[in-house]
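K.L.:
Show me the folded form of this:
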Amino acid sequence: MPRRILLIETSTSLCSVALAEDGAVTAQRESTEPRAHAALTAPFVKEVLDGRGLRATDLDAVCVSAGPGSYTGLRVGVSTAKGICFAAGIPLLSVGTLDVLVSQARAEGLVPEGCRAVIPMIDARRMEVYTAVYSPAGERLTEVEPRVIDGDSFREERAAGPVLFIGDGAEKCRAALDAPGMRFVQTCPRAAAMLAPALREFEAGHFRDTAYFEPFYLKDFVATVSRKKLF
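P.N.:
Numbering: from 1, shown residues only. The predicted model follows:
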């Protein structure tokens, strides 16, 4: 088991950094301040390391959320993780954002009794989410995809029994999907929840190419033109 892993989760509106030592989270910093990931991520890293009297060279690896999620948030997280790995000469790990949400659901006891499926949802605006279907044990059963939610979505899973919908896109889908046995948890993925999947990636030797690793955006970034007149 690795001694220390730095965990960085910036895929949604929550900016979250945690430090894991000997298989347990020992420090974490989080903020929901809007559009502040670029300003907060690096300071949070410094704070969790300083608080434990550590330097980046004391780490065994850095694990970053790979997406899908916010284009800007993912870029900030991955850039920060890469910079630390290059400077300290340590390996880079990554974990899918939906995997983090499922790990979080299991760690926090959010999976209801008799649950047949856990369905993480990352908000992709309007009634679209980034999603996939997982077993209650955390095994991914379908491909990660962008999906527009309506009353027919996840019909088979909902018919089979209790389902947990979790993520920052969960609550907006309640009206279309709610039925007896459905549970909706509105939350963002947290760095501390990356611990279990990060350990699995480390022990399996699934290290990323630090120079060429890119986030999993799932959809191309589309720049928009501001409607405000600047002059």
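K.L.:
Next up, identify which helix or strand Ile122 is on.
P.N.:
Following DSSP states H and E, the helix or strand that holds Ile122 is strand 117-123.
K.L.:
outside of that strand, which residues touch it?
P.N.:
The contact list for strand 117-123, computed with Cβ atoms under 8 Å, 6 or more residues apart in numbering, reads 11-12, 68-69, 97-98, 101-102, 105, 111, 129-136, 138, 141, 154, 157, 160, 163-170, 172-173. The C-beta positions use only the backbone N, C-alpha and C, and glycine is treated the same way.
K.L.:
what about burial for these, which qualify?
P.N.:
Among the contacts of strand 117-123, those classed as buried by neighbour count (16 or more other Cβ atoms under 10 Å) are 11-12, 68-69, 97-98, 101-102, 105, 111, 129-134, 136, 154, 157, 163-170, 172-173.
K.L.:
ok so, going back, roughly how far out does the strand holding Ile122 sit from the chain middle?
P.N.:
The chain centroid and the centroid of strand 117-123 are separated by 11 Å, computed with Cα atoms, centre = their mean, to the nearest Å.
K.L.:
do stretch 49-63 as well
P.N.:
For stretch 49-63, the gap between its own C-alpha mean and the chain's C-alpha mean amounts to 21 Å (Cα atoms, centre = their mean).
K.L.:
Output it as PDB, nothing but the C-alphas.
P.N.:
Included here for stretch 49-63 are C-alpha records, laid out as PDB according to Å, rounded to 0.1, in the frame of the first residue of the first chain:
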ATOM      1  CA  LEU A  49       0.700  19.300   3.000                       C
ATOM      2  CA  ASP A  50       1.900  22.000   5.400                       C
ATOM      3  CA  GLY A  51      -0.700  20.900   7.900                       C
ATOM      4  CA  ARG A  52       1.000  17.500   8.000                       C
ATOM      5  CA  GLY A  53       4.500  18.800   7.800                       C
ATOM      6  CA  LEU A  54       5.100  17.400   4.400                       C
ATOM      7  CA  ARG A  55       6.400  18.300   1.000                       C
ATOM      8  CA  ALA A  56       5.400  17.100  -2.400                       C
ATOM      9  CA  THR A  57       8.400  14.800  -2.500                       C
ATOM     10  CA  ASP A  58       7.000  13.000   0.500                       C
ATOM     11  CA  LEU A  59       4.100  11.800  -1.700                       C
ATOM     12  CA  ASP A  60       3.900   8.400  -3.400                       C
ATOM     13  CA  ALA A  61       1.400   9.700  -6.100                       C
ATOM     14  CA  VAL A  62      -1.200  12.300  -7.000                       C
ATOM     15  CA  CYS A  63      -4.700  11.200  -8.000                       C
END
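K.L.:
averaged over its residues, what pLDDT does it have?
P.N.:
Regarding stretch 49-63, the rounded mean pLDDT is 98.
K.L.:
Show me what counts as buried in it.
P.N.:
Buried residues in stretch 49-63, counting neighbours by 16+ other Cβ under 10 Å, are found at Leu49, Leu54, Ala56, Leu59, Asp60, Ala61, Val62, Cys63.
K.L.:
which element follows the strand holding Ile122 toward the C-terminus?
P.N.:
Using DSSP H and E, the helix or strand that follows strand 117-123 in sequence is strand 128-131.
K.L.:
Parallel or antiparallel, which strands does that following strand pair with?
P.N.:
Using DSSP bridges, the neighbouring strands of strand 128-131 in the sheet come out as strand 117-123 (antiparallel), strand 145-148 (antiparallel).
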